[in-house]
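Q: Need a 3D model of the following:
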Amino acid sequence: MLLSWHWLNEYIDLKGRTIESVAEKLTMTGCEVESIETPCELLAGIMIARIEKLYPHPEADTLKVAEVKSSDGTHTCITAAPNLCVGDLVSYAPPGARLADGTVMGKKDFLGIASEGMLLSAEELGLPDIADEFGILKLPEDTPLDAEFMVHFGLDDHVMEISITPNRGDLLSVLGLAREVHALFPDSSLVDISEGLAGVDENWPYEFQDIKILDQGCTFYSLGLAENIRIGPSPLRERIRLAMMGMRPISNVVDATNLIMLLTGQPLHAFDLELLPQRSIEVRSALESEAFITLDDKEHVLREGDLLITSGNVPVGIAGVMGGQNSEIHNETHKVVIESAHFSAPRVSQTSRRLGINSEAAYRFARGVDPEKVIPSLNYALMLLGKWCGARVYSQKKIASSHILEN
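A: Prediction:
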């Protein structure tokens, strides 16, 4: 389990304690901290700059001259990046700054024009996965020029790698570890994160049949709806946070579900509503030798006892393990239903191990997830979709529990 020091401190006031003191206490009480890393440790002297002028290099068709303004004045940089425009905010490494690989910037002549340092891509910052397009990494429009780049975007973060024993599934989240640290340091204080969902309190505008739970391996299942979604990258800080926590940013919808899982410990899954075979969800046991293609484009042959999420009896996900290629979020997705559910730990563990799918969701479900997290986590995810995707979200949900099998 990776734990961001910055993220932890957002939910607990540690009264100025150091990461080393917290790591020592965790290790002494059974949560061994195997390492403390600083992913962007070598980065130094990076600044925020705005492109004031941009024009072709007079001696090279493939190069452009960028005049950029930072908090310490105006500078000239030569770049071959195709994605820049006047007014863009970018990360700038002036002479003397250091890149993620340790390279120290200086001045360099490009056919008669001196480049004072360089404009940086995500790879040069040491986090290639946070890039949302080819070329220079663009910063949010509201980024202040005088902000300290490393601090403003959380690149000065430290990450603990913690060995969690199989019986402590409650610690596989930022909030779970915050509670554990609070118990170890009683004078610390937890931050209240209770936040209601200000969604549209109306019936869903699309016909959707009741959820059917046909196997006791699922004790509770809920769906939330968001429409008018605009698929795109999630906010830069959140992409950086995901990368720090060892996950690859994908899109605003998928990133929202992954961030909530890391925060609360409750795995979520997003389906494209228009790609579901029917406007219905059934949870059932797989048929012997039933085949299913997961999100990673691999076909798996299932056994009876593997727990499936189906729509119109067509598999769309292996419960608690991985979703299916046939209903995945894509660039043209506009309507999304978010799954938040509680599945049997032994069932998820057996299926995950046999299929060799070691997903973050399966890792958590196999060790036990608190069913009380299902609805709060779903609400939080819907709230993020409203903020990040311009979505219209509904506070009403489709809910089913397996006690109906006992009636």
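Q: mind checking the longest helix of this structure?
A: Counting residues, the longest helix found in the chain (DSSP state H) is helix 374-389.
Q: Can you mark which positions in that helix are buried?
A: 374-386, 388-389 (16 or more other C-beta atoms under 10 Å). (Glycine included, C-beta is placed from N, CA and C.)
Q: Ok, stretch 23-43 next?
A: For stretch 23-43, burial by neighbour count (16+ other C-beta under 10 Å) applies to 23, 25-26, 31, 33, 39-40, 43.
Q: coming back round to it: what mean pLDDT does the longest helix of the chain get?
A: For helix 374-389, mean pLDDT rounds to 94.
Q: Only alpha carbons, please: show that helix as CSV.
A: Extracted C-alpha coordinates of helix 374-389, given in CSV (Å, rounded to 0.1, in the frame of the first residue of the first chain):
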residue,chain,number,x,y,z
VAL,A,374,-20.7,1.8,-0.3
ILE,A,375,-23.1,4.8,-0.4
PRO,A,376,-20.8,7.5,0.9
SER,A,377,-18.1,6.6,-1.6
LEU,A,378,-20.7,6.6,-4.4
ASN,A,379,-21.9,10.0,-3.4
TYR,A,380,-18.3,11.4,-3.4
ALA,A,381,-17.6,10.0,-6.8
LEU,A,382,-20.8,11.5,-8.3
MET,A,383,-19.8,14.8,-6.7
LEU,A,384,-16.4,14.7,-8.5
LEU,A,385,-18.1,13.9,-11.8
GLY,A,386,-20.2,17.0,-11.3
LYS,A,387,-17.1,19.1,-10.7
TRP,A,388,-14.7,17.6,-13.2
CYS,A,389,-17.0,16.6,-16.1
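Q: List of residues touching the helix or strand just after that helix?
A: Later in the chain than helix 374-389, the nearest helix or strand by DSSP states H and E is strand 392-393. Outside strand 392-393, the residues within contact range by C-beta atoms under 8 Å, 6 or more residues apart in numbering are 197, 199-200, 224-228, 382-383, 385-386.
Q: end-to-end on stretch 26-38?
A: One end of stretch 26-38 sits 19 Å from the other (C-alpha to C-alpha, to the nearest Å).
Q: sorry, back to before: I'd like the contacts of strand 392-393 as a markdown table, with distance to Gln266 appended.
A: Converted to a markdown table, these look like this (distance: C-beta to C-beta, whole Å):
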| residue | distance to Gln266 |
| --- | --- |
| Leu197 | 15 |
| Gly199 | 18 |
| Val200 | 23 |
| Gly224 | 13 |
| Leu225 | 18 |
| Ala226 | 17 |
| Glu227 | 23 |
| Asn228 | 25 |
| Leu382 | 13 |
| Met383 | 14 |
| Leu385 | 16 |
| Gly386 | 19 |
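Q: Show me which pair in these is furthest apart.
A: Using C-beta to C-beta, the two most remote members of those are Leu197 and Asn228, lying 16.5 Å apart.
Q: more crowded one of these two?
A: Remark: of Leu197 and Asn228, Leu197 carries more neighbours, 20 against 11, as counted by other C-beta atoms under 10 Å.
Q: what does the model give that one for pLDDT?
A: So Leu197 comes in at 69 (pLDDT).
Q: Could you number the chain from 57 rather than 1 from now on?
A: New numbering, starting at 57: the last item is Leu253.
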